[in-house]
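Colleague: structural data only, the sequence is not supplied:
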């Protein structure tokens, strides 16, 4: 999850693959015998570099760039699969689709995401090995989709199934973080929620080394404190998230943290400070683009514009939407709805 730190290495990798791609095989005559080691064909390496670039772009919150490189990689894969039946190509395709599905959910293209989830299912059905390796990811994607359409019971079922199927620590932490957000939203699963939060405590023995996931765990703590009405505690957790996300250019996490801080200041009646948080969140969400954070920010900005006049008389006045789950309710017990898709 160290998006900023890895940029120089990624750029160097991209330059290397560009150089290799322009060489003919008979031009590559290394003097060192060790350089003759053949890990992957250069065509496969090219797709792999596209895939790493997609992962990096997603974590950084550059979803249009992720889409661009996904399209390039999938096009290259289609050409390769006409001539090459190597199983690694299907693995690359599934991983690319898993990432672009999360992009679709963040940008609000839910129907397309569902079609691509179906495509992943079809690919996995063709190979027992693929299904075994990606079953947990598939259930996780279905859980994220369920969150996006506000079906929290179904999201919980998908995430708990995914947890039973995975032994990968980072995927486990990602699933638990999103499952915690479901329990927070449901508001009546306190025992299960406390158990999950203890297992992903960012202040003490966090289970994985991922910078991004640890920052997300602070965000979840802040979200829970917000729902509990413990606003000072929520602000402390969210400022920790901001510190970590700013350090590594985790733009989507930054946007989510800013808008939630803005919501806290809104509830406390500090509309000026709320605007100071929400305006940059809105700008960042527009660049990503993150539809749910944009809707959430817009609702708060409308509320701040009226200076809280409608908060007492009609708390849902600023909230009018026609597609998908409500981005936010201004009453703290209802709160925001968003998943942490694309952070991994």
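Modeller: Structure received. Treat the numbers as computed from the prediction; the structure is a model and nothing was measured.

Colleague: per-residue pLDDT, residue 27?
Modeller: With respect to pLDDT, residue 27 has a value of 54.

Colleague: ugh, typo on my part, it should be residue 207
Modeller: Looking at residue 207, its pLDDT stands at 86.

Colleague: low pLDDT regions in the stretch 1-150 of the chain?
Modeller: For the stretch 1-150 of the chain, residues meeting the criterion pLDDT under 70 lie at 24-39.

Colleague: show me where it has helices.
Modeller: 3-22, 42-60, 63-83, 87-107, 110-125, 128-148 (DSSP state H, counting those that start in this stretch).

Colleague: packing partners for the shortest one?
Modeller: Packing contacts for helix 110-125, counted by 3 or more Cβ pairs under 8 Å, 6 or more residues apart in numbering; DSSP states H and E, involve helix 87-107, helix 128-148. C-beta coordinates here come from the backbone N, C-alpha and C atoms, glycine included.

Colleague: to residue 189, which of these lies closest?
Modeller: Closest approach to residue 189 among the helices and strands packed on helix 110-125 (Cβ to Cβ): helix 128-148, 14.7 Å.

Colleague: quick check: buried residues in that closest one?
Modeller: Within helix 128-148, the residues that count as buried by 16 or more other Cβ atoms under 10 Å are 130, 134-148.

Colleague: what's the angle between it and helix 87-107?
Modeller: Interaxial angle, helix 128-148 versus helix 87-107 (axes from the mean of the first three to the mean of the last three Cα atoms, to 10 degrees): 0 degrees.

Colleague: can you state the direction angle for the very next helix or strand once past helix 128-148 and helix 128-148?
Modeller: Once helix 128-148 ends, the next helix or strand along the chain (criterion: DSSP states H and E) is helix 152-165. Relative orientation of helix 152-165 versus helix 128-148 (the same axes, to 10 degrees): 150 degrees.

Colleague: and the next element down the chain from helix 152-165?
Modeller: The helix or strand immediately downstream of helix 152-165 is helix 169-186, counting by DSSP H and E.

Colleague: quick check: angle from that next one to helix 152-165?
Modeller: Using the same axes, to 10 degrees: helix 169-186 against helix 152-165 is 160 degrees.

Colleague: now helix 169-186: mean pLDDT?
Modeller: 94.

Colleague: likewise for stretch 300-312?
Modeller: Mean per-residue pLDDT for stretch 300-312: 61.

Colleague: rewinding a little: in TSV: the helices of the stretch 1-150 of the chain, plus distance to residue 297.
Modeller: Converted to TSV, the helices of the stretch 1-150 of the chain look like this (distance: least, Cβ to Cβ, whole Å):
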stretch	distance to residue 297
helix 3-22	22
helix 42-60	20
helix 63-83	17
helix 87-107	14
helix 110-125	20
helix 128-148	18
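
Colleague: for residue 217, which of the ones you listed is the nearest?
Modeller: Closest to residue 217 of those, according to Cβ to Cβ: helix 42-60, at 15.4 Å.

Colleague: name the residues of stretch 65-73 that are buried.
Modeller: For stretch 65-73, burial by neighbour count (16+ other Cβ under 10 Å) applies to 66, 67, 69, 70, 73.

Colleague: which element is the nearest residue to residue 273 once chain neighbours are set aside on?
Modeller: Nearest residue to residue 273, sequence neighbours excluded (Cβ to Cβ, 6 or more residues apart in numbering): residue 265, at 4.3 Å. Per DSSP H and E: residue 265 is located in helix 251-267.

Colleague: next, the angle from that helix to helix 3-22.
Modeller: Going by the same axes, to 10 degrees, helix 251-267 is angled at 150 degrees with respect to helix 3-22.

Colleague: tell me what angle helix 251-267 forms with helix 63-83.
Modeller: 150 degrees.

Colleague: following helix 251-267, which helix or strand comes up?
Modeller: Next element after helix 251-267 (DSSP H and E): helix 271-287.

Colleague: and that next one, what does it pack onto?
Modeller: Counting by 3+ Cβ pairs under 8 Å, 6+ apart, helix 271-287 packs on helix 251-267, helix 291-305.

Colleague: of all those helices, which one is nearest residue 210?
Modeller: The nearest among those, by Cβ to Cβ, is helix 251-267 at 12.1 Å.

Colleague: between the helices of the stretch 1-150 of the chain, which one is nearest to residue 197?
Modeller: helix 128-148 (17.9 Å).

Colleague: what packs against the closest one?
Modeller: helix 87-107, helix 110-125, helix 152-165, helix 169-186.

Colleague: Serialize these to CSV and add fields for mean neighbour count and distance to residue 14.
Modeller: Below are these laid out as CSV (neighbours: other Cβ atoms under 10 Å; distance: least, Cβ to Cβ, whole Å):
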stretch, mean neighbour count, distance to residue 14
helix 87-107, 21, 17
helix 110-125, 15, 25
helix 152-165, 18, 32
helix 169-186, 22, 24
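
Colleague: distance of residue 269 relative to residue 209?
Modeller: Distance of residue 269 to residue 209, computed by Cβ to Cβ, to the nearest Å: 40 Å.

Colleague: residue 296 now?
Modeller: Taking Cβ to Cβ, one finds residue 296 at 31 Å from residue 209.

Colleague: if we can go back for a sec, distance to residue 202 for the helices and strands packed on helix 128-148 - can I get that in a markdown table?
Modeller: As requested, the helices and strands packed on helix 128-148 are arranged in a markdown table below (distance: least, Cβ to Cβ, whole Å):
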| stretch | distance to residue 202 |
| --- | --- |
| helix 87-107 | 22 |
| helix 110-125 | 29 |
| helix 152-165 | 19 |
| helix 169-186 | 10 |
